Structure formats: structure tokens, C-alpha cells
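Below: sequence and its predicted model.
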Amino acid sequence: MSNELTHIDESGGVRMVDVSDKAVTERKAVAVSSVTFPSDVFAILKEGDFQTKKGSLIQTAIIAGISGVKRTSELIPLCHNIIIEKADVSIVAEENVLNISCEVKTTGKTGVEMEALTGASLAALCIYDMCKALSQQMTIGPTYLQEKTGGKSDYRK
């Protein structure tokens with residue numbers, strides 16, 4: 001792990017990282033998040049098969065997550081605009097929790113960690129938005145990078 005912040009230049013200014021000399025490799029990242037509900041709210045959602053007045057909670061959140069992956073460079077100022085070759089968001093219901101996983105792949109010179117984190121985060125925010133009429137006592141997170149492969153190093157939490 002490096003001791004240097006790559007988005008800061010020698011004079012302390014902000015910069016986009018120069019990836020022109022990096023090797024093109026297959027890169028993958030998986031990020032996760034969750035939304036925890038009060039038990040009575042979760043019971044209502046589960047009983048209705050996660051359908052809300054705004055539509056399918058899970059399917060809408062999946063679409064939001066994929067849209068977030070595709071728009072990451074617009075949302076995070078120093079993030080490179082990259083070609084997304086795979087964006088897969090899955091949401092699994094457990095007791096009082098919806099667990100979100102976002103897997104992103106590309107072949108390129110820079111990784112897809114930020115895209116995966118954005119996708120998982122946007123899916124969680126969409127769930128919150130669609131359920132806030134039932135409760136504001138939902139909790140989002142933790143949201144974190146679970147896995148990264150390709151580039152200089154691999155990572156697995």
C-alpha cells in the first residue's frame with residue numbers, strides 16, 4: 001500500500017491520476033451495502049413481496065444501482081470515465097435487512113472500485129427513498145469494498 005494520495009500533485013493541488021502508462025488488464029470490484037429496517041416495516045414489505053406503491057422495491061433498486069455504476073465519473077469529480085463491461089447488482093432479503101452486492105468488470109487501465117461502491121450506495125439510497133413513507137428509522141450500511149482484482153494488486157476483505 002502506498003503512503004501517497006494519488007489525486008494530489010507535488011504542489012498540493014488536485015489532479016486526475018495519469019493512467020496512460022498503466023497496463024490494460026481485466027479488472028473487477030465487488031462492493032456491498034445493506035439497508036436495515038424496523039422489524040414491523042420489514043414484515044410489511046416482505047408480506048407484499050417487496051412491492052410498493054412506487055413499484056417493485058428490489059427491481060427498482062437494482063436499476064438505480066446499475067445507473068449509478070454507469071454515472072460514477074459524473075458524480076465523483078476525479079474518477080475516470082471508463083467502459084463498463086459488466087454491472088450486476090443483487091439484493092437478498094434476510095431478517096429485517098436487504099443486503100446489496102454490486103459487481104463491476106472492465107478491461108482497462110484503471111479499476112472499478114468506485115463504480116462498484118457507487119452502485120451499492122445508489123441501490124441502498126433507492127431502497128430508502130421508496131420506503132421512507134413507512135419509516136425514517138432505516139439504517140444504510142456499512143458500505144464497503146469487498147473485493148478487487150486486476151491492476152497492481154488484488155484485495156479481499
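Sure, I can see it.

Helix, strand, or coil at V17?
At V17 the chain is in coil, as set by DSSP: H, G, I helix; E, B strand; the rest coil.

mind checking the SS state of the residue nearest to it when sequence neighbours are not counted?
Among residues not flanking V17 along the chain, T6 sits closest, at 4.9 Å (CB to CB, 6 or more residues apart in numbering). C-beta: built from backbone N, CA, C; applies to glycine. Of the three states, T6 takes coil under three-state DSSP.

and T6, how many neighbours?
For T6, the neighbour count with other CB atoms under 10 Å is 12.

wouldn't it be in contact with M16 here?
No - with contacts counted by CB atoms under 8 Å, T6 stays clear of M16, the gap being 9.6 Å.

and the longest helix for the chain?
helix 113-131 (DSSP state H).

Give the next helix or strand downstream of the helix or strand of the chain with the lowest mean pLDDT.
Least confident helix or strand of the chain, by mean pLDDT, DSSP states H and E, is strand 51-52 with a mean of 88. Later in the chain than strand 51-52, the nearest helix or strand by DSSP states H and E is strand 55-56.

Quick one: mean pLDDT for that following strand?
Averaged over strand 55-56, pLDDT sits at 91.

partners of it, with directions?
strand 51-52 (antiparallel) (DSSP bridges).

can you give me how far the strand it pairs with is from the chain middle?
Strand 51-52 sits 23 Å away from the centroid of its parent chain (CA atoms, centre = their mean, to the nearest Å).

Kindly report the same for stretch 87-102.
Between the mean C-alpha location of stretch 87-102 and the chain-wide mean there is a distance of 11 Å, by CA atoms, centre = their mean.

and it, average pLDDT?
Mean pLDDT, stretch 87-102: 98.

Span of that stretch from start to end?
End-to-end distance of stretch 87-102: 7 Å, with CA to CA, to the nearest Å as the criterion.

buried sites along that stretch?
By 16 or more other CB atoms under 10 Å, the buried positions in stretch 87-102 come out as 87-89, 91, 96, 98-102.

For those residues, which two are the farthest from each other?
By the measure CB to CB, A87 and N96 form the most distant pair in the buried residues of stretch 87-102, at 27.2 Å.
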